[in-house]
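# just coords:
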């Protein structure tokens, strides 16, 4: 594979693969079903919430959503879901 034509994320994936950090999942079907259900629960929209936020924050969310390739409302819902489930990761924090 020509690694000159891959982006940073692809390079990181290839590096972790080459280092043997990837492992097969024992029960692929049940794991896939578990992740499908989690995705359904994450994006099930059964309640409406109206909030007031600054124009600057909304613009930032909309720009970030464009970069992610998703609607900004979906991005907001995803961030809130990650926060309440304890999986929101602060990439700016450094661990010692």
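Cool, the structure landed. These figures come from a predicted structure and were not determined experimentally.
# Tell me the confidence at the residue nearest to residue 82 when sequence neighbours are not counted?
Once flanking residues are discounted, residue 82 sits nearest to residue 88: 4.0 Å by CB to CB, 6 or more residues apart in numbering. In this view, the C-beta of every residue, glycine as well, is placed from N, C-alpha and C. Residue 88 is assigned a pLDDT of 88 by the prediction.
# Quick one: classify residue 20 as helix, strand or coil.
coil (DSSP: H, G, I helix; E, B strand; the rest coil).
# contacting residues around residue 22?
Going by CB atoms under 8 Å, 6 or more residues apart in numbering, residue 22 touches residue 16.
# Now do the phi/psi pair for it.
phi -100, psi 140 (degrees, to the nearest 10).
# Give me the distance between it and residue 87.
According to CB to CB, to the nearest Å, residue 22 and residue 87 sit 21 Å apart.
# Check which helices and strands the host helix or strand of residue 33 sits against.
Following DSSP states H and E, one finds residue 33 within helix 28-43. Here helix 28-43 touches helix 72-85, going by 3 or more CB pairs under 8 Å, 6 or more residues apart in numbering; DSSP states H and E.
# Contacts for stretch 36-51, please.
Contacts of stretch 36-51 (CB under 8 Å, 6+ apart): 74, 77-78, 81.
# For the closest residue to residue 89 other than its chain neighbours, give me the pLDDT.
Once flanking residues are discounted, residue 89 sits nearest to residue 82: 7.9 Å by CB to CB, 6+ apart. Note on residue 82: pLDDT of 88.
# ok, now residue 4?
pLDDT recorded at residue 4 is 64.
# again, but for residue 42
68.
# I'd like the numbering to begin with 391 instead of 1 from here.
Okay, residue one is now 391; in that scheme the one you just asked about reads as residue 432.
# residue contacts, residue 418?
Applying CB under 8 Å, 6+ apart, no residues qualify as near residue 418.
# What separation is there between it and residue 452?
From residue 418 across to residue 452, the span is 37 Å (CB to CB).
# what does residue 477 give?
Taking CB to CB, one finds residue 477 at 23 Å from residue 452.
# okay, and for this structure, where does confidence drop off?
Applying pLDDT under 70 to the chain flags the ranges 391-394, 432-433, 483-486.
# Right, I'll call it a day here.
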